[in-house]
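Colleague: Could you work out the structure for the sequence below:
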Amino acid sequence: MRLFEDVFEMENFDIPPQSHLENLLATSDFHVFVAMIDNEVIGGLTIYTLKQYYATKPLAYIYDLAVKSNLQRQGIGKQLISFIKVYFKNEGYEEIFVQADRVDDYALDFYRKTSPTNEEDVLHFYYKL
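Modeller: Next comes the predicted model:
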């Protein structure tokens with residue numbers, strides 16, 4: 001989480017309580033993958049599983065992906081994406097998807113270089129509660 005906090009420049013971020021994180025990690029619909037060098041996390045991504053009502057195979061939604069700023073553009077993010085493609089295919093998932101903001105040229109360029117099957121121009125609507 002500290003990696004995401006640093007890379008995403010999250011100001012005043014408070015990590016949720018340990019018990020909450022442990023409960024989340026214990027569920028089968030949340031996944032964390034990390035890249036490490038010398039026991040240090042240098043990259044990582046989180047994925048939520050979405051069960052479909054119109055198909056039996058689940059979907060994997062990449063929620064966050066980050067690589068330490070000084071190690072970006074060295075293939076670490078691409079390796080993480082390549083790994084999860086194989087992992088979730090072997091687990092019987094239908095597809096993996098991710099959203100990227102239109103104004104985030106860096107993210108758009110990155111995901112386009114990871115050989116996506118399709119790219120859609122969609123809008124996401126949010127309802128703050």
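Colleague: Leu3 against Ala66, yeah?
Modeller: Yes. Look at Leu3 against Ala66 with CB atoms under 8 Å: they come within range, at 5.5 Å. C-beta here means a position set from N, CA and C on the backbone, and glycine is covered the same way.
Colleague: between these two, what contacts are shared?
Modeller: Shared contacts of Leu3 and Ala66, defined by CB atoms under 8 Å, 6 or more residues apart in numbering, comprise 43-44.
Colleague: the longest helix in the protein is where?
Modeller: Ranked by residue count and defined by DSSP state H, the top helix of the chain is helix 76-90.
Colleague: just checking, next helix/strand downstream of that helix?
Modeller: Moving toward the C-terminus from helix 76-90, the next helix or strand (DSSP states H and E) is strand 95-98.
Colleague: what comes up buried for that next one?
Modeller: 95-96, 98 (16 or more other CB atoms under 10 Å).
Colleague: Also stretch 114-128?
Modeller: Per 16+ other CB under 10 Å, stretch 114-128 contains no buried residues.
Colleague: Can you tell me the number of residues neighbouring Tyr111?
Modeller: Residues lying near Tyr111 (other CB atoms under 10 Å) number 19.
Colleague: Verify the contact between it and Phe97 for me.
Modeller: No. Tyr111 is beyond contact range of Phe97, at 10.2 Å (criterion: CB under 8 Å).
Colleague: show me what contacts the closest residue to Lys78 other than its chain neighbours?
Modeller: Counting by CB to CB, 6 or more residues apart in numbering, Lys78 lies nearest to Thr114, which is 5.8 Å off, once chain neighbours are set aside. Residues in contact with Thr114 (CB under 8 Å, 6+ apart) are 77-78, 81-82.
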